[in-house]
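> let's see this in three dimensions:
(one chain, ligands or ions: 1)
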Amino acid sequence: MTARGPGIAIQNLSLTLGRTEVLSGVDMTVAPGSIHALVGPNGGGKSSLIRCLLGQMPHRGTVSLNWPARPGRIGYVPQALQFDAGLPMTVGDFLGTLDGNRPGFLKPRRATRDLVEAQLARVGMAGKSGRRMGALSGGERQRVLMAQALEPAPDLLILDEPMSALDESGGAIFAEVMQSLRRDGVTVLWIEHDLLAVRRLADHVTGLARRVIFDGQPEAMLDADRVLDLFSQRSAVA
Ligand SMILES: Nc1ncnc2c1ncn2[C@@H]1O[C@H](COP(=O)(O)OP(=O)(O)OP(=O)(O)O)[C@@H](O)[C@H]1O
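Okay, here's the model as predicted:
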């Protein structure tokens, strides 16, 4: 199928925060409609690269989104989003803000409530729209964040460790969602530490430790020496 997501071209990307060189001369390409994983050691600069892509960091070098026609929608699942335990906001309220033409303090329209229920069902959270956001477990919160990123349907989806708190059924649901995104031609840029999940689900992998230390097929990355290289002090930020 024709990709509806953009290609991404990153050239000579460098980022210095304070006195730390976080990214140095990073070149990478994401093919339109592909599931592209970003792996590497803690502090390797993966989230920072995403922030550059989203225009949130003053970087050097270029980051271009090449849309097939006009610019489309970007969905984003952040690494962590905390909600105050006492915050009187339910899952339904949170997802109901998807109805962008209506003030958040009004009761959502029937159609919006149906849409919220459908989105929750998609991530295995059917019937939980009345739960308070601050009272959700880590895995439930991640499922809700995934649901908000999938509606309205994105053309580019950026995921920052979306599986870190998911149980087995959450992982299976995530895999289904990824397959349906692939069928729809969505471009997915996915930060992940679970290399087996990357092997199962990604089309391409880039390893990042301040600079690009691996770029290729998931199978090649899982060669034992490669894994050691990816996560050892040798290749990490030094
Ligand atoms: N605002 C900031 N100011 C100074 N240093 C920062 C800032 N944000 C991030 N860093 C540093 O940049 C480096 C890269 O951080 P980043 O969060 O991009 O890594 P990561 O690869 O996503 O790590 P992890 O796998 O642990 O999530 C780290 O050393 C971090 O301390």
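> up against the ligand, what does the protein have?
Within reach of the ligand by CB under 6 Å from any ligand atom, the chain has these residues: 17-18, 20, 22, 40, 42-48. Heads up, the C-betas are built off the backbone N, CA and C, glycines and all.
> try 8 Å this time
Neighbours of the ligand within the chain, by CB under 8 Å from any ligand atom: 17-18, 20, 22, 40-51, 79, 160-161, 191, 193, 208, 237.
> how does the chain divide into domains?
Listed by automatic domain parsing, the domain ranges of the chain are 1-67+155-238, 83-151.
> from the chain's centre, how far out does the first one sit?
This means domain 1-67+155-238. 9 Å (CA atoms, centre = their mean, to the nearest Å).
> got a list of what the closest residue to residue 31 other than its chain neighbours touches?
Computed as CB to CB, 6 or more residues apart in numbering, the closest residue to residue 31 that is not its neighbour in sequence is residue 7, at 6.0 Å. Residue 7 is in contact with 29-32, 65-66, 187, counting by CB atoms under 8 Å, 6 or more residues apart in numbering.
> so what strands line up beside the helix or strand that residue 207 is a member of?
Residue 207 belongs to strand 204-209 when assigned by DSSP states H and E. Paired strands of strand 204-209, with direction, are strand 35-39 (parallel), strand 211-216 (antiparallel) (DSSP bridges).
> wasn't residue 198 part of a helix?
Yes. When DSSP: H, G, I helix; E, B strand; the rest coil is applied, residue 198 is found to be in a helix.
> skipping its backbone neighbours, what lies nearest it in space?
residue 37 is the one closest to residue 198 (CB to CB, 6+ apart), at 4.4 Å.
> neighbours of the one you found, how many?
Neighbours of residue 37 under the rule other CB atoms under 10 Å: 26.
> likewise for residue 54?
If you count neighbours by other CB under 10 Å, residue 54 ends up with 12.
> point out where the chain drops to low pLDDT.
The chain contains residues with pLDDT under 70 at 1, 98-109, 222-238.
> where exactly do the helices run in it?
Under the criterion DSSP state H, the chain carries helices at the ranges 46-53, 91-96, 110-122, 138-149, 168-183, 195-201, 218-221, 224-231.
> burial measure for the residue nearest to residue 209 when sequence neighbours are not counted, as a count.
In this structure, residue 209 finds its nearest non-sequential neighbour in residue 44, 4.3 Å apart by CB to CB, 6+ apart. As a burial measure, residue 44 scores 25 neighbours (other CB under 10 Å).
> what's the PyMOL line that selects buried ones from the residues of the chain next to the ligand?
Buried members of these, defined by 16 or more other CB atoms under 10 Å, are picked up in PyMOL with:
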select buried, resi 22+40+41+44+45+46+47+48+49+50+160+161+191+208+237
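> tell me who's in contact with the residue minimising distance to the centre of the chain.
Averaging the C-alpha coordinates of the chain gives a centre point, and the residue nearest to it by CA atoms, centre = their mean is residue 159 (0.5 Å). Contacts for residue 159 (CB under 8 Å, 6+ apart) come out as 77, 149, 188-192.
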